[in-house]
Each structure stands twice: as C-alpha cells, then as structure tokens.
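1. Sequence and predicted structure are below.
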Amino acid sequence: MSKAVFDEIKKLVTEQRNPNTMDIDTKSALEIVQLINAEDQRVAGIVKEELPSIAQAVEIIVGAFKKGGRLIYVGAGTSGRLGVLDASEIPPTFGASPNMVQGIIAGGYGALIRAVEGAEDHAEDAARDLMKRDVTEKDVVCGLAASRRTPYVVAAVKKAREVGAKTLYVTCTPRSEINFPVDVAICPVVGPEVVMGSTRMKAATAQKMVLNMLTTAAMIRLGKVYGNMMVDLQMTSQKLQERSKRVVMMVTEVDYEMAARVLEQAGGHVKTAIVMILAKVNAAEAQRRLEASGGFVRGAIEGNKR
C-alpha cells in the first residue's frame with residue numbers, strides 16, 4: 001500500500017475509532033451487546049436523513065424498468081454480498097425476472113461465501129465484469145461501497161457512465177467526499193463502527209436498509225403490491241403456495257377451497273386470481289385488464305388504464 005492510499009484510508013469516517021467503545025474488550029458479554037445495540041439504534045435515524053435521495057433513486061430505477069432496463073448492483077466484500085442478496089430475493093418476492101435486478105461482486109460468486117482478498121483493488125476487472133452483463137443506456141448501475149473509495153466499485157460506476165447508464169452510489173461517507181460523478185448519491189454516514197473498520201456492522205445495516213427501500217419501493221411503483229400484500233410472488237415453494245392462497249383469501253374474502261380453485265384457473269398468478277374474483281371475470285379477461293392497467297390490481301378491478 002502506498003503512503004498516499006494510507007493517508008486516504010486513515011481519514012475515512014469508516015476507519016475511525018468509536019469513542020463509545022474504547023474499552024469494549026474489558027466488558028462482559030451483556031455489556032458488549034448493549035454497546036452494539038446502542039450504536040445500531042442510531043442507524044435508522046441516519047438513513048431517514050437520506051430519504052429524499054433514496055426516493056429520487058427509486059424514480060430513476062422505475063423509469064429504467066419501464067423502458068426494459070435493469071438495476072445492477074456492483075460492490076465488494078460485505079457491500080457486494082448485500083447487493084447480490086437483494087437481487088436474489090426479487091424474483092420469488094415480486095415475480096420479477098432474475099435479469100431485472102442483478103448483483104455483481106468483486107472476485108466473482110466465490111466471494112459470496114469466502115473473502116477474496118484484494119479483489120476490491122482490481123479496478124481493471126470492473127469494466128470487464130460489468131460489460132459481461134451487456135450494460136446499456138437503459139440500465140441503472142448502483143455502486144455499493146461503505147468507504148466510498150473501493151477501486152473496483154468506482155471503476156464500474158465510471159464505466160457505466162461511459163455507456164450512458166444511470167448511476168447511483170450508496171456509501172457511508174459524506175456526500176462531499178464523492179469525487180466522481182453519479183446521478184444520485186445516497187450517503188448514510190453512520191460514523192465509526194463498534195470495532196474500528198468493521199463495516200459489516202452499522203455500515204452494512206444502513207446499506208441493507210437502503211437496498212430494501214430501493215427495490216421494494218420500485219416494485220410497489222410497478223404495481224407488484226396490492227394494499228400492503230405481495231401479489232406478484234411466485235409459487236415456487238409450499239410456503240409461497242400457501243401464502244398465495246392466503247393473500248387471495250384476505251383480499252377477496254373467499255374460503256380456502258375457492259382460493260385454491262381460482263388460483264389454479266389463473267395459472268398460479270395471484271394478481272389474476274384476485275381480479276377474477278373481485279371483477280367477476282374469467283382468467284383471460286383478468287389478464288387483459290391487468291395488461292391494460294400496467295399491472296396494477298386496483299386499476300384492473302375497476303377497468304381503468306394506467
């Protein structure tokens with residue numbers, strides 16, 4: 001490591017010592033977890049300060065989805081794992097294509113289960129990994145780096161801009177320290193970690209909260225939620241099959257047998273089953289209405305276009 005890099009890293013917020021935990025190594029197990037919990041309680045309030053930027057990012061993501069684009073997370077270490085995790089949860093939760101939200105982690109998928117030391121420093125790999133996904137101006141690339149400076153992530157975002165993609169950046173360092181252009185920066189500055197530099201803690205918690213908001217809000221804006229219930233989920237497990245029936249029962253007030261029967265007629269598609277029951281139409285008409293309403297259940301029931 002060069003002296004210049006050393007000087008840069010030592011100034012990062014994420015690399016400072018936490019004055020509240022200086023003697024944590026002398027504490028009992030209960031006292032240690034109390035200190036961790038006290039620090040964790042600060043995270044939600046800090047993320048709250050970033051809500052306007054998060055909402056702006058959501059609108060960019062929704063706009064991309066509507067044009068056939070994708071959201072692609074790029075990160076290293078814990079940040080990269082969070083991006084891959086969030087992407088992997090979208091298809092079963094919202095019935096979306098696995099291509100719609102993707103995650104790229106420095107070092108490849110092996111880095112998900114075992115740290116690949118130094119992968120985050122290989123900036124030259126970033127453009128290659130990104131372009132393997134055929135990124136275009138339709139897409140949104142979201143860099144994830146608690147410390148802001150991760151070479152691999154910075155290089156990926158720069159490459160994304162070169163091809164015309166929209167860019168987001170989620171980091172736990174101040175916005176003023178981002179020295180490269182992005183469309184939206186989301187910067188929950190959670191301060192020094194309980195254990196110095198261990199950004200798998202507060203920084204990771206903040207990033208996870210942000211990613212939850214980005215994709216959940218985007219999917220809601222695409223009509224994949226009715227009320228506060230998932231209605232585009234995939235019946236890929238027994239739990240999800242039963243959840244699908246329960247959702248149909250709760251929305252339409254039919255019994256278990258009726259929900260199961262209509263879901264079968266709807267090809268297992270919860271939205272279609274709901275519209276069939278509430279609008280008193282067959283599966284083909286329910287699907288036509290859903291298409292006309294842009295996928296929104298309310299509009300399909302009322303017969304409105306969106």
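-> That came through fine.
2. The stretch 151-300 of the chain: strands as residue ranges?
-> Secondary structure of the stretch 151-300 of the chain (DSSP state E, counting those that start in this stretch): strands at 166-170, 184-186, 225-226, 229-230.
3. who's in contact with the second one?
-> Outside strand 184-186, the residues within contact range by C-beta atoms under 8 Å, 6 or more residues apart in numbering are 50, 53-54, 56-57, 60, 167-171, 175, 178, 210. Using the backbone N, CA and C atoms, a C-beta is placed for each residue, glycine as well.
4. what's the answer for the last one, then?
-> Contact partners of strand 229-230, identified using C-beta under 8 Å, 6+ apart, comprise 93-94, 224, 243, 247, 250-251, 270.
5. pLDDT averaged over that strand - what is it?
-> Looking at strand 229-230 alone, the average pLDDT works out to 88.
6. Repeat that for stretch 113-120.
-> Stretch 113-120 comes out with an average pLDDT of 80.
7. do the same with stretch 89-99
-> Averaged across stretch 89-99, pLDDT comes to 91.
8. Identify the residue nearest the residue nearest to the spatial centre of the chain in space, chain neighbours excluded?
-> Centrality entry for the chain: nearest residue to the mean C-alpha point is Leu211, 3.2 Å, by C-alpha atoms, centre = their mean. Excluding its sequence neighbours, the residue lying closest to Leu211 (C-beta to C-beta, 6 or more residues apart in numbering) is Asp86, at 4.3 Å.
9. Buried subset of the contacts of strand 184-186, written for PyMOL?
-> A single PyMOL command selects the buried members of the contacts of strand 184-186 (16 or more other C-beta atoms under 10 Å):
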select buried, resi 50+53+54+57+60+167+168+169+170+171+178+210
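10. Dump the contacts of strand 184-186 into a markdown table; add distance to Val194 and pLDDT as well.
-> Converted to a markdown table, the contacts of strand 184-186 look like this (distance: C-beta to C-beta, whole Å; pLDDT from 0 to 100):
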| residue | distance to Val194 | pLDDT |
| --- | --- | --- |
| Glu50 | 21 | 98 |
| Ser53 | 26 | 98 |
| Ile54 | 25 | 98 |
| Gln56 | 31 | 98 |
| Ala57 | 28 | 98 |
| Ile60 | 34 | 98 |
| Thr167 | 31 | 98 |
| Leu168 | 28 | 98 |
| Tyr169 | 25 | 98 |
| Val170 | 21 | 98 |
| Thr171 | 19 | 96 |
| Arg175 | 24 | 94 |
| Ile178 | 25 | 92 |
| Val210 | 20 | 98 |
